[in-house]
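Undergrad: Turn this into a structure:
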Amino acid sequence: MRRAPSTAGVQGVARVDGRTKNLLRRIHVGEVAVINHEDLDRVAAEGLVQARVGAVVNAAASISGRYPNVGPLLLAAAGIPLVDNTGPELLQTIREGQLVRVDGGEVLVGAEVVAKGHAQTLESLEELYDAAKVTMGDELERFAENTLEFMRRERHVWIESPTLPDLAVDLRGRHVLIVVRGADHRNDLAHLRGYVGEMRPVLIGVDGGADALLEAGLKPDLIVGDFDSVTEHALHCGAQLVVHAYPDGTAPGAERLESMDLDYLTIEAAGTSEDIAMLLAYEKGAELLVAVGTHASMVDFLDKGRAGMASTFLVRMKVGTRLVDAKGVSQLYRGRIRKRDMLFFIAAAMLAFVILILVAFPRVYIDSGWFILRQAWRSITH
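TA: From the prediction side, this is the model:
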């Protein structure tokens with residue numbers, strides 16, 4: 001059920017960060033998120049909704065018009081007030097932990113108005129969203145050009161077999177579950193419980209996907225990424241750490257792991273960390289790659305702030321015969337009865353049959369009854 005954003009004003013402690021995903025680690029219920037996030041993406045918005053923030057104040061435009069992004073509409077539908085376009089100075093004006101009040105388009109500290117913006121409503125955001133759908137042709141053209149240019153320049157990286165480090169876990173002939181903290185990843189993981197319990201796949205968390213696995217009660221075997229959005233709890237869970245380094249050798253995630261005295265491996269390659277995770281599993285001989293929360297559409301990549309998806313296109317062409325989406329796997333395993341459960345059911349039925357024989361028949365029939373039951377059990381279990 002949709003709730004209209006409150007117009008009576010919201011007061012709360014401010015959490016201030018230019019990177020929304022960093023802010024989500026420390027914001028609490030009822031606090032005010034102060035961000036600088038142009039084209040607020042779906043995953044960030046879902047995080048804010050899940051955190052039950054009191055309000056969101058954005059220094060940038062939550063929908064710039066480049067493409068139709070759904071994130072701001074999720075905030076409005078959840079009844080969270082959103083103030084847009086207050087200006088980049090907002091993050092210097094408001095301090096972390098300061099008590100602020102959001103009233104209409106104004107942001108106040110005490111009685112002083114420290115910032116003004118546009119108070120968005122569900123109706124105003126829907127208008128911006130519809131307008132972005134009409135005008136996104138130029139963005140689509142730029143996206144396609146960047147994709148094709150990367151493919152021309154870097155295709156050898158994906159066609160040739162890269163040099164990969166030795167892993168502590170053997171992936172040959174195994175199923176591999178690759179988890180990215182993307183859209184609907186929680187629902188997908190919940191639907192895969194039967195599959196994970198039966199197939200015991202190798203679990204790879206891509207950056208924050210490691211935390212998503214832990215939240216679902218699963219321990220990752222590998223964590224792959226640049227480690228900018230993984231919690232310390234996940235880093236210390238016992239998984240092997242694989243840093244995604246750029247082709248020039250720079251590896252931003254390595255510095256963080258070294259400061260924590262954690263061992264890690266490095267893979268140098270262009271593209272995204274989820275591409276690297278898929279390529280790693282494929283080249284190490286995995287039988288099946290199951291993807292949760294991964295990005296496969298143009299809007300997904302524009303939400304991530306990327307100008308093209310060439311690496312994803314090339315990687316999916318390479319691993320395509322072994323790659324399936326989590327939603328397809330969950331449908332295959334929904335309602336499936338395991339052999340072990342069926343055997344327990346048959347055993348219970350046979351026990352009831354034995355009791356019936358003992359109660360209803362004289363001793364002369366019991367020996368022949370036991371013989372029949374033993375023969376039936378052998379035929380079932382062999």
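
Undergrad: Where do the strands of the stretch 201-350 of the chain begin and end?
TA: Taking DSSP state E, counting those that start in this stretch, the strands of the stretch 201-350 of the chain run over residues 202-206, 222-225, 240-245, 265-268, 288-292, 323-325.

Undergrad: for those, which one sits closest to Val29?
TA: Closest to Val29 of these is strand 202-206 (Cβ to Cβ; 26.1 Å). Heads up, the C-betas are built off the backbone N, CA and C, glycines and all.

Undergrad: Within the sheet, what are the partner strands of that closest one, with directions?
TA: When pairs are called by DSSP bridges, strand 202-206 turns out to pair with strand 175-180 (parallel), strand 222-225 (parallel).

Undergrad: what angle sits between the longest one and strand 288-292?
TA: What it means is strand 175-180. Orientation check (axes from the mean of the first three to the mean of the last three Cα atoms, to 10 degrees): strand 175-180 against strand 288-292 gives 20 degrees.

Undergrad: Which residues does strand 175-180 contact?
TA: Contact partners of strand 175-180, identified using Cβ atoms under 8 Å, 6 or more residues apart in numbering, comprise 185, 189, 192, 196, 199-210, 212-213, 220, 274, 277-278, 281, 286-295, 326.

Undergrad: Can you show me the CA trace of that strand as CSV?
TA: Taking Å, rounded to 0.1, in the frame of the first residue of the first chain, the C-alpha atoms of strand 175-180 are listed here in CSV:
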residue,chain,number,x,y,z
HIS,A,175,27.8,-25.5,-9.4
VAL,A,176,28.8,-21.9,-8.5
LEU,A,177,26.4,-19.4,-7.0
ILE,A,178,27.5,-15.8,-7.8
VAL,A,179,25.8,-13.2,-5.7
VAL,A,180,25.7,-9.4,-6.3
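
Undergrad: Now the element after it, going C-ward?
TA: Counting by DSSP states H and E, the element after strand 175-180 in chain order, helix or strand, is helix 185-191.

Undergrad: which strands and helices sit next to that following helix?
TA: helix 209-215, strand 288-292, helix 326-333 (3 or more Cβ pairs under 8 Å, 6 or more residues apart in numbering; DSSP states H and E).

Undergrad: tell me the centre residue of the protein?
TA: Arg181 (1.7 Å; Cα atoms, centre = their mean).

Undergrad: Tell me which of the strands paired with strand 202-206 sits nearest to Leu314.
TA: Of all the strands paired with strand 202-206, strand 175-180 sits nearest to Leu314, with 16.7 Å by Cβ to Cβ.

Undergrad: could I get the strands paired with strand 202-206 as CSV with mean neighbour count?
TA: Formatted as CSV, the strands paired with strand 202-206 follow (neighbours: other Cβ atoms under 10 Å):
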stretch, mean neighbour count
strand 175-180, 26
strand 222-225, 27
